[in-house]
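Participant: Mind looking at a prediction? Sequence and model below.
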There are 2 protein chains.
Amino acid sequence: MTYCVGIKLDAGLVFLSDSRTNAGLDAISTFRKMMVYEKPSDRFMVLLSAGNLSISQSVREILQVEKLDNGPDEPPLTIWNAKSMFDAVRVLGSAVRRVYDQDGPSLRAAGIDFNASMIFGGQIAGEAMRLFLVYSAGNFIEATRETCFFQVGESKYGKPVLDRMITPHTPLDEAAKCALVSMDSTLKSNLSVGLPLDLLVYEADRLQSDQMVCIDEHNPYFHMIRNTWGQKLRQVFESIEDPHWESGGTTAYPLVVRSGRFEPMRKITNASEKMI
Amino acid sequence: MTYCVGIKLDAGLVFLSDSRTNAGLDAISTFRKMMVYEKPSDRFMVLLSAGNLSISQSVREILQVEKLDNGPDEPPLTIWNAKSMFDAVRVLGSAVRRVYDQDGPSLRAAGIDFNASMIFGGQIAGEAMRLFLVYSAGNFIEATRETCFFQVGESKYGKPVLDRMITPHTPLDEAAKCALVSMDSTLKSNLSVGLPLDLLVYEADRLQSDQMVCIDEHNPYFHMIRNTWGQKLRQVFESIEDPHWESGGTTAYPLVVRSGRFEPMRKITNASEKMI
């Protein structure tokens, strides 16, 4: 399994991926899932991939050389000459479809889904930053101000903290911290997501980044997050009042209110099935 | 969708379920998913169900009258005469299989999975409390001290907080609070899980419970949880140091360590694909 997250903020982009791959319980390996495509001062693009490893590796290989017909008077489109991130992600979609054409029928014959999903984002000189989620069919959607992050792979465990913390105004470092907390929750609940992690932070309009790090189990910052988050979460949890079943007591927040508009609890007293 | 959780503690059992059912975006309704089977002083059992509503409603109906052959010299086994929770859950498994026999072929012909999963727990006089997870095939597993809670339905969003907080020693009220926090995270991340909630807390060896409540959007306690948890989570989040990209600075927890055993970041400088 995999967990990757890409976040688009006013201040820039944040990408985080794990590196656990498993093809059955006996075949668990480490494969990095983050690729960077950079032409300094011209374009900076990042690809995160989840799904069948053979598919995503093929897509990455092909993406390097993929050419998309761009009309009779234009040279073919590649990720290196695309004038917009929209065109670049179309090239990626085309690479996904090329792999589908090559491998799809054999995979289907073997009863294996053509399963790949990718986060692709970055900036090309002259255009704003953009972030896309690319599906197995090569189609894609773009992040907006309302939905400013995408996740692929084992995404649910880590979604609540992103939902609560991330807005387009979130500063870059805070968003990186949030992505790491989200990853920590995922690592804790799912064994098939694993270290090391790749973290990359891109500042808007720089067209390069020197904020990339591979985080292993010895990384002091991630180590601190893992310890502190769980511990503080427990403190917060303990600081919240336990429910009080008796109404009319001392609590301001009764769980059961016997009068007024709140539905009281119903006691089951006979030996039959009742829906409470 | 649905989210239900059942927790087995030394002190008792906690059950929580939502009530959202959807059969397509236009057909979203409220159906309670918690059933209580009680014979005072003799047995107290709770069933939570997720999956296809027609299946789980049929199972609940049939469970009332289901009889399992119990050998030539014994009367047939029902949930009302079972001497152990293990026998009671076998009756439930048999009810699931009966619904499968009735509806499975037609569902399959319509391309619909026979999808149902249930949490069933409680206590029968003379035996300890037990908690089971029942699958669509009528087979089941039992909670242990190592794995003391089960979830069915949309379970992932709410799992991290349970993983962090629940042990067999957790007091009942604290576990009820944790279940509500877990539900809050699920409600926040998935629209297809919805209020009202049914919460039931069973104290070990009482063979009855008067701690059952239906929680709607006006419930003061759940309202407090929803506000406080998100807000305090944000405070904790903000209290954790943001990552520092510069090493050798003032932080005790550098994100990037340039020397020693930690792998330094690698900068991509040429115009080609590199895995960081």
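Facilitator: Perfect, I can see it now. Numbers count the residues shown, from 1 in each chain, chains lettered A, B, ... in the order given.

Participant: Residue A:221 - how many residues pack around it?
Facilitator: If you count neighbours by other C-beta atoms under 10 Å in any protein chain shown, residue A:221 ends up with 26. From N, CA and C alone the C-beta is placed, and that goes for glycine too.

Participant: Revised request: answer the last question for residue A:194.
Facilitator: 21.

Participant: The residue nearest to it when sequence neighbours are not counted: neighbour count?
Facilitator: Among residues not flanking residue A:194 along the chain, residue A:20 sits closest, at 3.4 Å (C-beta to C-beta, 6 or more residues apart in numbering or on different chains). Residues within reach of residue A:20, counting by other C-beta under 10 Å, total 22.

Participant: Please name the residues that touch residue A:20.
Facilitator: A:1, A:2, A:28, A:29, A:30, A:192, A:193, A:194, A:195 (C-beta atoms under 8 Å, 6 or more residues apart in numbering or on different chains).

Participant: The second one touches residue A:152, doesn't it?
Facilitator: Yes - look at residue A:2 against residue A:152 with C-beta atoms under 8 Å: they come within range, at 6.9 Å.

Participant: Give me the common contacts of those two.
Facilitator: With C-beta under 8 Å, 6+ apart as the test, residue A:2 and residue A:152 both reach A:49, A:50, A:51.

Participant: Lowest-confidence entry in these?
Facilitator: pLDDT across those is lowest for residue A:51, at 87.

Participant: How about the backbone phi and psi for it?
Facilitator: Note on residue A:51: its backbone torsions stand at phi 110, psi -160 [degrees, to the nearest 10].

Participant: Could you check how far it is from residue B:202?
Facilitator: 43 Å (C-beta to C-beta, to the nearest Å).

Participant: how much space between residue A:65 and residue A:80?
Facilitator: On the measure of C-beta to C-beta, residue A:65 and residue A:80 end up 10 Å apart.

Participant: And these two? Which one has more around it.
Facilitator: Neighbour count, other C-beta under 10 Å: between residue A:65 and residue A:80, residue A:80 has more, with 16 against 10.

Participant: residue boundaries of the helices in chain A?
Facilitator: Applying DSSP state H to chain A gives helices spanning A:53-63, A:85-109, A:159-165, A:172-189, A:220-239.

Participant: Restricting to C-alpha, output the third one in CSV.
Facilitator: Same thing as helix A:159-165. Only the C-alpha atoms of helix A:159-165 are listed here, as CSV (Å, rounded to 0.1, in the frame of the first residue of the first chain):
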residue,chain,number,x,y,z
LYS,A,159,-7.7,12.7,6.1
PRO,A,160,-9.4,14.1,9.3
VAL,A,161,-6.4,16.1,10.3
LEU,A,162,-6.0,17.6,6.9
ASP,A,163,-9.7,18.4,6.7
ARG,A,164,-9.4,20.2,10.0
MET,A,165,-6.1,22.1,9.5
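
Participant: what sits up against that helix?
Facilitator: A:5, A:7, A:149, A:151, A:174, A:178-179, A:181-182, A:185, B:157, B:160, B:185-186, B:188-189, B:230, B:233-234, B:237.

Participant: 10 Å instead, please
Facilitator: A:5, A:7, A:148-149, A:151, A:155, A:174-175, A:177-179, A:181-186, A:229, B:156-158, B:160-161, B:182, B:184-190, B:229-231, B:233-234, B:237-238 (C-beta atoms under 10 Å, 6 or more residues apart in numbering or on different chains).

Participant: Just the buried subset of these, written out for PyMOL, thanks.
Facilitator: The following PyMOL line selects those of the contacts of helix A:159-165 that are buried, judged by 16 or more other C-beta atoms under 10 Å in any protein chain shown:
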select buried, (chain A and resi 5+7+148+149+151+155+174+175+177+178+179+181+182+183+184+185+186+229) or (chain B and resi 156+157+158+160+161+182+184+185+186+187+188+189+190+229+230+233+237)
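
Participant: before we move on, the earlier item: and residue A:51 and residue B:202? Which one has more around it.
Facilitator: residue B:202 (27 against 21).

Participant: can you tell me which residues contact that one?
Facilitator: Counted by C-beta under 10 Å, 6+ apart, residue B:202 has contacts B:8-9, B:11-15, B:36, B:44-46, B:121-123, B:129, B:172, B:208-209, B:211-212.

Participant: ok, now how distant is it from residue B:210?
Facilitator: Counting by C-beta to C-beta - residue B:202 and residue B:210 are separated by 10 Å.

Participant: got it, and residue A:145?
Facilitator: Here the criterion is C-beta to C-beta. By it, residue A:145 lies 49 Å from residue B:210.

Participant: Same check on residue A:78?
Facilitator: Taking C-beta to C-beta, one finds residue A:78 at 70 Å from residue B:210.

Participant: Who has more neighbours out of those two?
Facilitator: residue A:78 (17 against 14).

Participant: I figured residue A:7 hits residue A:178, correct?
Facilitator: Yes - Residue A:7 is in contact with residue A:178 according to C-beta atoms under 10 Å; the separation is 7.9 Å.

Participant: intersection of neighbour lists for those two?
Facilitator: A:14, A:16, A:149, A:162, A:166, A:170.

Participant: ok, now which ones touch the first one?
Facilitator: Contacts for residue A:14 were tallied using C-beta under 10 Å, 6+ apart; they are A:5-8, A:46, A:121, A:131, A:149, A:166, A:170, A:172-180, A:199-202, A:211.

Participant: before we move on, what about the second one?
Facilitator: The contact partners of residue A:16, taken as C-beta under 10 Å, 6+ apart, are A:3-7, A:33-34, A:48, A:151, A:158, A:175-176, A:178-180, A:182-183, A:197-201, A:215.

Participant: and chain B, which of those residues reach it?
Facilitator: Among the contacts of residue A:16, proximity to chain B is found for A:33-34, A:158, A:175-176, A:178, A:180, A:182, A:198-201, A:215 (C-beta under 10 Å from any C-beta of the partner chain).

Participant: how about TSV for those residues, with distance to residue A:141 and pLDDT added?
Facilitator: Shown next, in TSV, are those (distance: C-beta to C-beta, whole Å; pLDDT from 0 to 100):
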residue	distance to residue A:141	pLDDT
A:33	20	88
A:34	20	91
A:158	20	91
A:175	20	96
A:176	23	96
A:178	22	96
A:180	25	95
A:182	20	95
A:198	23	92
A:199	24	94
A:200	21	94
A:201	23	95
A:215	28	91
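
Participant: With adjacent residues omitted, what lies nearest to the residue in the stretch 101-250 of chain A that chain B sits nearest to?
Facilitator: Residue of the stretch 101-250 of chain A nearest chain B, by C-beta to the nearest C-beta: residue A:156 (3.4 Å). Nearest residue to residue A:156, sequence neighbours excluded (C-beta to C-beta, 6+ apart): residue B:156, at 3.4 Å.
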